[in-house]
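Engineer: Sequence and predicted structure are below.
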Amino acid sequence: MRIAVIPGSFDPITNGHMDIILRARELFDRVVVLVAVNADKNPSFTPAERVLLIEKCIAGYDDVMVDCFDGLLVDYVKQVGACAIVKGLRAMSDFEYEFQMALYNKKLYPDAETLFMTTSTENLYLSSSGVKSIARYGRDVSDFVPAVISQQVLERISQGKGER
């Protein structure tokens, strides 16, 4: 079975993330959306809340699962027997950082490849931080996040609970 891991903070998951997840499904037998815990970030949603949001978004896709991990990505990739790490890219600035991480990951775990997928043009500008900026002012975010979670994201962030 060919397993791919798509890591990220997903705070919150956006339509751009979903685009990458759904396209990766076409290339792999199983896709794991991995909520990575990053101590350097101040998330709006707890890791458990992010997992629940993603689960709502992927309901009905039996070949996609969600997990959470606090540690080195390659350790998780090895643990689940994945052959690939899939990263979405919006711009060259994304590539520079992601390329460096891919080299570290390859050195630490040579059995997994990192694949870069460019975001669809309609999602090029999307970022979780941009969505949160809009939601803080109580504006509709349904064009930016999956419909099934848009109200929940808006309510959490617009009510001053957007930073934990």
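Structural biologist: The structure has been received and is ready for your questions.
Engineer: Show me the helices in this structure, by range?
Structural biologist: Ranges of helices within the chain are 15-25, 47-58, 73-80, 92-108, 128-136, 147-156, based on DSSP state H.
Engineer: Any chance of JSON lines for those, columns mean neighbour count, distance to Val33 and mean pLDDT?
Structural biologist: For glycine as for every other residue, the C-beta is placed from the backbone atoms N, C-alpha and C. As requested, the helices of the chain are exported to JSON lines (neighbours: other CB atoms under 10 Å; distance: least, CB to CB, whole Å; pLDDT from 0 to 100):
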{"stretch": "helix 15-25", "mean neighbour count": "20", "distance to Val33": "6", "mean pLDDT": "97"}
{"stretch": "helix 47-58", "mean neighbour count": "19", "distance to Val33": "5", "mean pLDDT": "97"}
{"stretch": "helix 73-80", "mean neighbour count": "17", "distance to Val33": "12", "mean pLDDT": "97"}
{"stretch": "helix 92-108", "mean neighbour count": "13", "distance to Val33": "17", "mean pLDDT": "90"}
{"stretch": "helix 128-136", "mean neighbour count": "18", "distance to Val33": "14", "mean pLDDT": "94"}
{"stretch": "helix 147-156", "mean neighbour count": "17", "distance to Val33": "14", "mean pLDDT": "94"}
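Engineer: Relative to Asp94, how far out is Ser142?
Structural biologist: Separation of Ser142 from Asp94 (CB to CB, to the nearest Å) stands at 25 Å.
Engineer: Measure how buried the residue nearest to Ile3 when sequence neighbours are not counted is and give me the count.
Structural biologist: Using CB to CB, 6 or more residues apart in numbering and skipping the chain neighbours, the partner closest in space to Ile3 is Ala82 (4.2 Å). When counting by other CB atoms under 10 Å, one arrives at 27 neighbours for Ala82.
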